[in-house]
Each structure stands twice: as C-alpha cells, then as structure tokens.
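# build me a structure from this.
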Amino acid sequence: MDRGAGPRRRRRRGRRRRRPGRAGARAHRTVEPSRADRHRVTAALSIIEARVTQPLALADLAAEVGLSAFHFLRVFRRATGTTPHRYLVVARLRRAAALLADTSRPVTDIAYDAGFGDLSNFVRTFHREVGCSPGAYRRGGLHPLAAGTLARTGG
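Predicted structure coming up:
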C-alpha cells in the first residue's frame with residue numbers, strides 16, 4: 001500500500017466541500033417562464049392537441065415554436081408541470097377514452113386512431129393511468145377520464 005496517497009485524497013475532498021447553507025442553492029431555485037416562453041408553450045399545446053394522432057418528436061415540436069429541444073423541454077415543464085411526451089400520452093388517452101365511451105368500435109382500431117403505435121403499448125399505458133383495461137373501462141359505464149382522473153395538463 002502506498003501511504004502517501006491517503007492524505008492527498010483527504011485534502012482533495014476537503015477542497016470540494018461547500019460552505020454550509022449553500023449546498024444545492026441553485027437546484028432549488030425556480031424561475032417563472034417569460035411571457036414569450038408561455039406563448040410558445042401555448043402554441044406547442046395547440047400543436048399537440050391538433051396532431052395528437054400523429055407521431056411528434058420533441059425536436060420537431062421545439063423547432064415549430066422556435067426553441068432548441070433542450071430549452072423547450074425546460075420551459076414546457078416549468079409552465080405545465082409535465083413533459084411534452086407525458087402531455088402527448090395523456091392527450092392520446094383522453095381521445096381514446098372518449099372513443100371508448102362513445103363508440104362500439106374495436107379497441108385495436110381506437111388504439112391506432114388515438115395515436116398509439118401498437119395495441120399492447122396502448123393497453124399497458126391505459127391500465128397504468130386509468131386503473132383498468134380499455135375493455136373494462138368501456139363495460140364499466142363509469143368514465144373516470146371524463147370525471148377528471150387525468151388532468152388536462154398531463155396527469
């Protein structure tokens with residue numbers, strides 16, 4: 001064992017210590033989005049709602065509102081409390097729930113019409129968010145999505 005390495009290691013750790021009360025001060029700071037950023041998020045929400053059945057990439061959505069993908073993600077989350085992907089999934093689930101409640105179409109057709117790529121992903125996501133399968137939701141008569149189980153802003 002090299003005894004000379006120990007004290008150096010301890011000294012390095014000592015240099016990295018932060019002053020009491022300052023650790024993580026930046027991490028807890030919340031900044032409200034600017035008015036322009038709020039308008040961009042509103043435009044993004046409109047785009048998501050209009051294209052809920054189509055594939056949407058974060059970079060494409062960010063480009064449409066004039067922001068980089070990284071900045072758009074931060075601004076969107078600050079303004080809505082959720083990520084764009086989560087908002088899109090919940091919007092698709094709301095659409096699917098409305099179709100399940102109002103039509104007798106097969107669940108597979110509803111899954112694809114709501115924008116989900118495959119049936120298993122739709123059933124798993126629906127069950128996780130609503131608490132029952134799409135078929136049970138349809139048979140149950142009680143429609144918790146209509147009653148507000150999933151909030152309009154993303155869950």
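# pLDDT below threshold where in the chain?
1-30, 141-155 (pLDDT under 70).
# what's the distance between Gly131 and Arg78?
As judged by CB to CB, to the nearest Å, Gly131 and Arg78 stand 29 Å apart. C-betas here are computed from N, CA, C, even on glycine.
# how deep is the closest residue to Leu99 other than its chain neighbours tucked in, by neighbour count?
Excluding the flanking residues, the one nearest Leu99 by CB to CB, 6 or more residues apart in numbering is Ile110, at 4.6 Å. Neighbours of Ile110 under the rule other CB atoms under 10 Å: 22.
# tell me the contacts of Ile110?
Ile110 makes contact with Ala96, Leu99, Leu100, Thr103, Pro134 under the criterion CB atoms under 8 Å, 6 or more residues apart in numbering.
# which phi and psi does Val123 have?
phi -60, psi -40 (degrees, to the nearest 10).
# give me the element Leu99 is part of.
helix 84-102 (DSSP states H and E).
# check which helices and strands that helix sits against.
helix 35-50, helix 58-65, helix 69-80, helix 107-113, helix 119-130, helix 134-140, helix 144-147 (3 or more CB pairs under 8 Å, 6 or more residues apart in numbering; DSSP states H and E).
# look at Gly131 and Arg78 and report which has more neighbours.
Neighbour comparison, Gly131 and Arg78: the larger count goes to Arg78, with 15 against 11 (by other CB under 10 Å).
# so which bits of stretch 45-57 are buried?
Within stretch 45-57, the residues that count as buried by 16 or more other CB atoms under 10 Å are Leu45, Ile47, Ile48, Val52, Leu56.
# closest one to Arg74 out of these, please.
Leu45 (15.9 Å; CB to CB).
# before we move on, the earlier item: distance to Val90 for the helices and strands packed on helix 84-102 - can I get that in CSV?
Shown next, in CSV, are these (distance: least, CB to CB, whole Å):
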stretch, distance to Val90
helix 35-50, 10
helix 58-65, 15
helix 69-80, 11
helix 107-113, 15
helix 119-130, 7
helix 134-140, 15
helix 144-147, 9
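# do you know which of the ones you listed lies nearest Leu88?
Leu88 sits nearest to helix 35-50 of all these, at 5.5 Å, using CB to CB.
# and the closest one, how far out from the chain's middle?
Centre-to-centre, helix 35-50 and its host chain are 15 Å apart (CA atoms, centre = their mean, to the nearest Å).
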